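Peer 1: Turn this into a structure:
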Amino acid sequence: MERIRCHLIVCDHIMSKPYSYDLRQKVIQAIELDGLKKSEVSELFNISRNTIDLWLKRKAATGDFQPKTNKPPRSDRKITDWDKFREFSKVHGDKTQKEMAELWNSDISARTISRALKKIGFTRKKKLMDTGNAMKSNGNNL
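Peer 2: Below you'll find the model as predicted:
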């Protein structure tokens, strides 16, 4: 039971949310204004010293220690007209993704074409054929 609980705590820490801004303020204040050592503050607030170093480094670089956003905003989508892209993929589906990227009407990478094809469910896999029946109908048995 102890082993399972320990495992869950580790997983929870990996997938957890960033520390609150309020906690970050208290930690930085304890170091800068109260004059405590980083290792003391680390033990006091039960956070790693590396985390404190990262916050101080971020404050020195940006002037603040806000947590980074988990995902960058994706407002620069290369493909916006999905009906047009479906038609394009039907017409040019025999070409490589690199060739399709060159034919698309805007600057786009082969990787973007790959993600878009996956999103619309386009596949290059051939339909399976029953080889047994094909051989019988052909009449050429070995």
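
Peer 1: any idea whether K84 is helix, strand or coil?
Peer 2: helix (DSSP: H, G, I helix; E, B strand; the rest coil).

Peer 1: Please disregard the earlier target; I meant R58.
Peer 2: For R58, the secondary structure call by three-state DSSP comes out as helix.

Peer 1: Contacts only, for it.
Peer 2: Applying CB atoms under 8 Å, 6 or more residues apart in numbering to R58 gives the contacts D64, F65, Q66. Glycine gets a C-beta too; all of them are placed from N, C-alpha and C.

Peer 1: ok, these vs K26, which is closest?
Peer 2: Distance to K26, by CB to CB, is smallest for F65 among these, at 11.4 Å.

Peer 1: my guess is that closest one meets W55, correct?
Peer 2: Yes. Between F65 and W55 there is a contact under CB atoms under 8 Å: 4.4 Å.

Peer 1: Report the set of residues contacting both of these two.
Peer 2: Counting by CB under 8 Å, 6+ apart, the shared contacts of F65 and W55 are R24, I28.

Peer 1: quick revisit: most neighbours of all the contacts of R58, which one?
Peer 2: Ranked by the number of neighbours (other CB atoms under 10 Å), the contacts of R58 place F65 first, at 20 neighbours.

Peer 1: Over to that residue: give its phi and psi.
Peer 2: In terms of degrees, to the nearest 10, the main-chain angles of F65 are phi -130, psi 30.

Peer 1: what sits against it?
Peer 2: Applying CB under 8 Å, 6+ apart, we find F65 in contact with Y21, R24, I28, W55, L56, R58, K59.

Peer 1: Ok, A101 next?
Peer 2: A101 sits next to I108, S109, A110, T112, I113 when contact means CB under 8 Å, 6+ apart.

Peer 1: can you tell me the helix or strand for it?
Peer 2: helix 97-103 (DSSP states H and E).

Peer 1: can you check N105 too?
Peer 2: Secondary structure assignment for N105, by DSSP H and E: no helix or strand.

Peer 1: Could you report the neighbour count for it?
Peer 2: 8.

Peer 1: Before I go, just wanted to say thanks for your time.
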